[in-house]
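> Following is a predicted model, sequence given first.
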Amino acid sequence: MKTRSKLEARSVTRRSRDVGFSLIEVLVVIAIILIIAAIAIPRLLQSRMAANEAGAVAALRTIATVQVTYSFTYQQGFAPSLAALGPPPPGNQANANQAGLVDEVLASSIRNGYTFVYVPIDTSGLGAPDRYTVNANPVAVGQTGQRYFYVDQTNVIRYAVGGAAGPNSTPIPQ
């Protein structure tokens with residue numbers, strides 16, 4: 001009997017030591033996780049910036065397109081502001097001050113990590129903008145985007161790296 005109880009005691013002791021992971025096993029798993037994170041996180045940020053940049057270009061295309069619609073619909077030149085392209089309050093009809101041509105997010109001048117700076121230009125002196133410029137600038141360079149974008153009434157979207165884009169910047173490929 002005593003022999004059997006000694007064997008049981010050894011078995012219980014051995015089982016209690018076999019449960020769990022050794023410190024080395026845990027450290028190896030943590031090292032592997034850190035290596036994977038070091039590879040994955042920068043690529044995730046790059047893909048996020050690329051998506052933000054694509055969203056900014058799409059928003060500039062939208063603005064350029066709806067400017068033509070605004071000009072023909074209201075016969076007052078281009079919109080006086082981005083907010084004028086935005087939706088009217090619920091229950092109200094679209095008008096020259098709230099045309100309902102873009103959503104409220106874009107009309108607020110911020111979308112997808114970019115701020116949009118709209119400048120109406122009245123070169124004729126008739127009180128209605130006959131030209132405009134829109135700059136899309138990253139909110140945090142290197143985090144929300146790398147490139148700056150620009151469009152005007154010519155509908156050619158241009159970009160620059162390291163500073164605001166303008167009419168002489170490189171056109172994006174169509």
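It's in.
> now the helices: where do they sit in the chain?
All helices of the chain, identified by DSSP state H, fall at 2-18, 23-74, 82-85, 104-107.
> Mind checking these for the one nearest to Leu126?
Proximity to Leu126, assessed across the helices of the chain by CB to CB, is greatest for helix 23-74 (13.3 Å). Every residue, glycine included, has its C-beta placed from N, CA and C.
> Show me what the closest one is packed against.
helix 82-85, helix 104-107, strand 110-111, strand 114-121, strand 131-138, strand 147-152 (3 or more CB pairs under 8 Å, 6 or more residues apart in numbering; DSSP states H and E).
> now with 7 Å?
Of the remaining helices and strands, those touching helix 23-74 by 3 or more CB pairs under 7 Å, 6 or more residues apart in numbering; DSSP states H and E are strand 114-121, strand 131-138, strand 147-152.
> So which of these is the most surrounded?
Neighbour counts (mean count of other CB atoms under 10 Å) averaged over each of the helices and strands packed on helix 23-74 peak at strand 147-152, with a mean of 23.
> Can I get that strand in CSV, CA atoms only?
Presented in CSV, the C-alpha positions along strand 147-152 are these (Å, rounded to 0.1, in the frame of the first residue of the first chain):
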residue,chain,number,x,y,z
ARG,A,147,0.5,63.8,-50.9
TYR,A,148,-1.3,67.1,-51.3
PHE,A,149,-3.9,67.5,-54.0
TYR,A,150,-5.3,70.4,-56.1
VAL,A,151,-8.1,70.9,-58.6
ASP,A,152,-9.6,74.0,-60.3
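> Quick one: residues contacting the residue lying closest to Arg131 once chain neighbours are set aside.
Excluding the flanking residues, the one nearest Arg131 by CB to CB, 6 or more residues apart in numbering is Ile121, at 4.0 Å. Applying CB atoms under 7 Å, 6 or more residues apart in numbering to Ile121 gives the contacts Pro129, Arg131, Tyr132.
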